[in-house]
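> Model the structure of this input:
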Amino acid sequence: MEKVRRYSLVLIVSALIMGLMGCELKTSAGSNGEQNFPNHPMEVVIPFGEGGASDTFARKFTDIINETSPEPLQAINKGGSGGLVGMIYAEKQANDGYTVLEVTPSHVISDVLERGKGVELQQDFEPLVRIQSDIYILSVPIDSKINNFEELIESSKENTLTFGGISPGGLDDLTLKALAEETGMKVKFIPYKSGSEVKAAVLGGEVDVYLDKIISSIGYIKDKKVKPLVVLNDERISKVDELRDVPTTKELGYDTTIGSWRGFVVEKGTPEYAKEFYINQMKEAYSTDEYQQFAEKNLVDIREGFLGPEEFKQQWEEEYQTFTKVAKETGLK
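As a prediction, this is how the structure comes out:
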């Protein structure tokens, strides 16, 4: 009997020792993970095709980070379905910190319209930082009889205004409809297959108005192919000569200042040390002369671009409410 008791005691003590060793090993693995991160290349998923503004930005920003990162960030394109293909791809990767996803308002809209096939930005990802904040300009073809925003609103009372875009329910569509809801304009979305077809429709007079980001519009404004009527912003843009006399929505008494933006996220459950690594690297890259010169050249330095994770998440939540309201009022949801 005494022999059995001694044997049982040995088993219990052994189990306790093994348990303690297990805890120690787990803690040690976590510490090593933190100390060693990153120990192989990381992936930055660009959820759009090559050559666009999001692709150009993400690749440039990744190159700047790689100048100081201990391991390289490798940018890959997973375009399709307005950013959904890339988001779904990123959600399927391990949340070990080695996959970063570039995001835009298209992903918030995807949540609103429930397009993600079970994958949602706000449910499945955590914000790192926002880097760029872009501004929209509303213009009309240069030979239009309309010369200011008030005339445009007035004209829509008699004739519904047409505007072009790639997909109904996209950022351009919801932004213009938000402005239309606030001002009382009547607008109709005309779908086209590509951005170049949209621009051709504007220049050819097939549609009445043209809504696009500054960098995409400014060339047509300088070449006097379109007339800018209003900038969707709080303050007037004085650093661009052609926009100094163009009023903003805020100046005219309207609150619609929706614009585009670009930032980065990781999948929920990603280790804190990995998130901290990216936030520090991205904040540092944003402050470099190289990035600031890039932002100035592409006119994305007019609004402050950088937001930390908490402010970035708050922007998602506010825009989710805005886009939900517009989608319900216009029958998209």
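
> and for the strand ranked longest in the chain, what are the contacting residues?
Longest strand of the chain, by residue count under DSSP state E: strand 125-133. Strand 125-133 is contacted from outside by 57, 61, 87, 90-91, 100-101, 103, 259-268, 270, 275, 278-279, 282-283, 286, 295, 300, 303-313, 315-316, using C-beta atoms under 8 Å, 6 or more residues apart in numbering. For every residue, glycine as well, the C-beta is placed using N, CA and C.

> Work out for me the element Gln292 sits within.
Under the criterion of DSSP states H and E, Gln292 resides in helix 289-297.

> same for that helix, what does it pack against?
Packing partners of helix 289-297 (3 or more C-beta pairs under 8 Å, 6 or more residues apart in numbering; DSSP states H and E): helix 53-66.

> what's the helix it packs on in contact with?
Residues from elsewhere that reach helix 53-66 (C-beta under 8 Å, 6+ apart): 44, 46-49, 72-75, 77, 102, 104, 131-132, 213, 215-216, 262, 281-282, 285, 288, 290-291, 294, 298, 300.

> What residues sit buried inside it?
Using 16 or more other C-beta atoms under 10 Å as the test for burial, helix 53-66 gives 53-55, 57-58, 60-66.

> Repeat that for stretch 234-248.
Applying 16+ other C-beta under 10 Å to stretch 234-248 flags 237, 240, 243, 246-248 as buried.

> now Val300: how far from Leu113?
26 Å (C-beta to C-beta, to the nearest Å).

> what do you get for Phe48?
Taking C-beta to C-beta, one finds Phe48 at 18 Å from Leu113.

> between these two, which one's more packed in?
Phe48 (21 against 17; other C-beta atoms under 10 Å).

> contacting residues around the more buried one?
Counting by C-beta under 8 Å, 6+ apart, Phe48 has contacts 54-55, 77, 79, 83, 86.

> which SS state does it fall under?
coil (DSSP: H, G, I helix; E, B strand; the rest coil).

> ok, back up a step: restrict the helix holding Gln292 to CA atoms and write it as PDB.
Provided in PDB are the C-alpha atoms of helix 289-297 (Å, rounded to 0.1, in the frame of the first residue of the first chain):
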ATOM      1  CA  ASP A 289      11.000  63.600 -46.700                       C
ATOM      2  CA  GLU A 290      10.700  60.900 -49.400                       C
ATOM      3  CA  TYR A 291       7.100  60.200 -48.600                       C
ATOM      4  CA  GLN A 292       6.100  63.800 -48.000                       C
ATOM      5  CA  GLN A 293       7.500  64.700 -51.400                       C
ATOM      6  CA  PHE A 294       5.500  61.800 -52.900                       C
ATOM      7  CA  ALA A 295       2.400  63.000 -51.200                       C
ATOM      8  CA  GLU A 296       2.900  66.600 -52.400                       C
ATOM      9  CA  LYS A 297       3.400  65.500 -56.000                       C
END
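
> Name the next helix or strand downstream of that helix, please.
Per DSSP H and E, the first helix or strand lying C-terminal to helix 289-297 is helix 309-329.

> And for Asp208, the neighbour number?
Counted with other C-beta under 10 Å, the neighbours of Asp208 add up to 22.

> I'd say it and Thr162 touch.
Yes - look at Asp208 against Thr162 with C-beta atoms under 8 Å: they come within range, at 5.0 Å.

> Can you pull out the low-pLDDT segments for the protein?
The chain contains residues with pLDDT under 70 at 1-32.

> what's the offset of stretch 101-109 from the middle of its chain?
Distance, stretch centre to chain centre, for stretch 101-109: 4 Å (C-alpha atoms, centre = their mean, to the nearest Å).

> okay, how far is it across it, tip to tip?
16 Å (C-alpha to C-alpha, to the nearest Å).

> Thank you, goodbye.
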